[in-house]
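no sequence on this one, just coordinates:
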């Protein structure tokens, strides 16, 4: 029996103890170093009076999207959107049947699309993403993401989000972190749905963008999307995008490819406690296995240099109990 003299002390300990001591905030993670590293970091930066304490105003965490929060194979979701848009627009553009890269898109020839190189991809993106107002593009992207399905799993793309990473988002939010997506994907493609899918509002999304201009259309003020690239939020562009949009260096960064290397490197090079994490796609049975030789989400430098920088390398195969929310 507990002495009545200890009851006030025990009550105080229970009230002050972190939630992680009594509940599993990351239930889809297997016990191990990866899970422990997340919990230890969050505990350290949120312990008032502790040597690693960080005020809530500075608890900023950035997350890549493709391959980190949802799937990216066999092609990026936004590229799938662009190809679908070309097919939808084709009846109004009959010359596309004889003109590359559109001819390959309409024939379902992804190798032909790839052979068109960066110039061909730019033509596809310009035709499918520009020449309209921002409101029109938002409506098109919103309607597409609500029904579009993965070509191999037949799941909605928004169902192919990673349950373990959703738990990390919730865990950080519960500990007063400000969460941002920092992705090479288009900022206006992501903003219509990230709030519903991840709980991340549009103002907390940083991404690549096209040039725009203010224009009156029938007397109505609009923002029109132009067929010119404004900013590429990838590799060395990510720290620039973070500084431009957020104005502070994060204390935690999460990615999965060498496109995220500079974001993680800049984040973890700051003063005080820092956290970097890479999701390694090594589960060919439940998802996909790829890294150094992949044409999408290539992970080479991060595997070699990440551990020496103290980054956590997460094995999807060994560290995650489930992949998608419906797997629970």
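Great, that's in hand. This one's a predicted model, so the numbers in the text were calculated from it and none came from an experiment. Numbers count the residues shown, from 1 in each chain.

The residue nearest to residue 231 when sequence neighbours are not counted in helix, strand or coil?
Once its chain neighbours are removed from consideration, residue 231 has its nearest residue in residue 209; the separation is 5.0 Å (Cβ to Cβ, 6 or more residues apart in numbering). For glycine as for every other residue, the C-beta is placed from the backbone atoms N, C-alpha and C. Here residue 209 takes the strand state, with states given by DSSP: H, G, I helix; E, B strand; the rest coil.

Tell me where the stretch 1-150 of the chain has helices.
In the stretch 1-150 of the chain, the segments counted as helices under DSSP state H, counting those that start in this stretch are 7-16, 33-46, 77-89, 102-107, 110-115, 117-129, 134-147.

Quick one: closest of the ones you listed to residue 166.
Among the helices of the stretch 1-150 of the chain, helix 33-46 comes nearest to residue 166, with 13.4 Å by Cβ to Cβ.

ok, which stretches of the stretch 201-328 of the chain are strands?
Secondary structure of the stretch 201-328 of the chain (DSSP state E, counting those that start in this stretch): strands located at 205-217, 220-231, 252-255, 275-280, 312-315.

Tell me which of those is the most buried.
Taking mean count of other Cβ atoms under 10 Å as the contact definition, the stretch among those with the greatest mean neighbour count is strand 252-255, which reaches a mean of 29.

tell me how far that strand is from the chain's mean position?
Taking the mean of its C-alpha atoms, strand 252-255 sits 10 Å from the chain's own mean (Cα atoms, centre = their mean, to the nearest Å).

Neighbouring strands - and their directions - for it?
According to DSSP bridges, the neighbouring strands of strand 252-255, each with its direction, are strand 60-63 (parallel), strand 275-280 (parallel).

and these as JSON lines, adding mean pLDDT and distance to residue 184?
Shown next, in JSON lines, are these (pLDDT from 0 to 100; distance: least, Cβ to Cβ, whole Å):
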{"stretch": "strand 60-63", "mean pLDDT": "99", "distance to residue 184": "13"}
{"stretch": "strand 275-280", "mean pLDDT": "98", "distance to residue 184": "15"}
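
Which among the helices of the stretch 1-150 of the chain is found nearest to residue 181?
With Cβ to Cβ, the closest approach to residue 181 among the helices of the stretch 1-150 of the chain belongs to helix 77-89: 13.1 Å.

which helices and strands does the closest one pack with?
Based on contacts counted as 3 or more Cβ pairs under 8 Å, 6 or more residues apart in numbering; DSSP states H and E, the elements that helix 77-89 packs against are helix 102-107, helix 117-129, helix 134-147, strand 178-186.

Just the residues contacting the longest one, thanks.
Which is helix 134-147. For helix 134-147, the external contacting residues (Cβ atoms under 8 Å, 6 or more residues apart in numbering) are 81, 84-85, 129, 132, 156-158, 188-189, 191-193, 212, 222-225.

Give the burial count for residue 308, as a bare number.
When counting by other Cβ atoms under 10 Å, one arrives at 7 neighbours for residue 308.

Backbone dihedrals for residue 251, please?
With angles defined as degrees, to the nearest 10, residue 251 sits at phi -100, psi -10.

That one contacts residue 55, correct?
No - assessed by Cβ atoms under 8 Å, residue 251 is found out of contact with residue 55, at 10.6 Å.
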